[in-house]
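Engineer: quick one: sequence plus predicted model below, questions after.
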Amino acid sequence: MARYTGPKNRICRIFGEPILGSGKSLSKNSNPPGQHGGTRKRKAPSEYAVQLKEKQKAKYTYGLLEKQFANTYVEAARQKGATGENLIKLLESRLDNVVYRMGICPTRPAARQMVSHKHILVNGEIVNIPSYWVKPGDVIELKPKSKVNTTVISMVRAKNPKISWMDWNEKDMKGTYIAHPERDSVPENIKEQLIVELYSK
């Protein structure tokens, strides 16, 4: 399973945001990575550089590789409506992200691992593909054996009340993906229009 396994703090410093992990180290050192850190003279980034950086931020945030992200963009462009908003909806509807949003796992990498290890049921069937796109009305839950697994249970936390497009019953370990989210309700700081402009070149 291909995924980024490098230093998370380096990625956080590149973007100046805690997009991977808690970002606690940013309070100690928020300079960009490199030998000279914040003392290096940096020229103003070009338009292309700004757009590329925004795409990279989205990739790292949702844990996608280049080909996966490009395929997701193609699907977003194919659908009706604004391509940028469609892109965010598709990224948010990935099964690993839904598991993370419901509070079953504390991080997206942990959610990806839980899906891959066949702990998650979608509409009563095991789905072990993290990139599986969840549809409105789909029911996501832990499989029966996982509901009594102390290691799995220890990761479950309360769902963020701001995530209103899905429901989660902590007692039954079951949730429903109610609808695709509106862009304003997604908390990630991603300027999707810059990504659209990059791919439109």
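Structural biologist: Here it is on my side, so go on. Numbering: from 1, shown residues only.
Engineer: leaving out the residues flanking it, which one is nearest to the residue positioned nearest the centre of the chain?
Structural biologist: Residue closest to the average C-alpha location in the chain (Cα atoms, centre = their mean): residue 62, at 2.8 Å. Closest residue to residue 62 apart from its sequence neighbours, by Cβ to Cβ, 6 or more residues apart in numbering: residue 91 at 4.9 Å. Bear in mind the C-beta positions are built from the backbone N, C-alpha and C, glycine included.
Engineer: show me what the host helix or strand of that neighbour is packed up against.
Structural biologist: Following DSSP states H and E, one finds residue 91 within helix 83-92. Packed against helix 83-92 by the contact rule (3 or more Cβ pairs under 8 Å, 6 or more residues apart in numbering; DSSP states H and E) you find helix 47-62, helix 66-78, helix 95-101, helix 192-199.
Engineer: can you name the residues in contact with it?
Structural biologist: 58, 62, 64, 72-73, 75-77, 79, 97-98, 101, 133, 165, 180-181, 183, 186, 188, 190, 192-193, 195-196 (Cβ atoms under 8 Å, 6 or more residues apart in numbering).
Engineer: restrict stretch 4-12 to CA atoms and write it as CSV.
Structural biologist: Taking C-alpha atoms only, stretch 4-12 is exported to CSV below (Å, rounded to 0.1, in the frame of the first residue of the first chain):
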residue,chain,number,x,y,z
TYR,A,4,3.8,8.9,2.5
THR,A,5,6.1,7.6,5.3
GLY,A,6,8.5,10.5,5.6
PRO,A,7,8.8,13.0,8.5
LYS,A,8,5.5,14.6,9.2
ASN,A,9,7.0,17.7,10.8
ARG,A,10,8.8,18.5,7.5
ILE,A,11,5.5,18.6,5.6
CYS,A,12,3.9,20.8,8.3
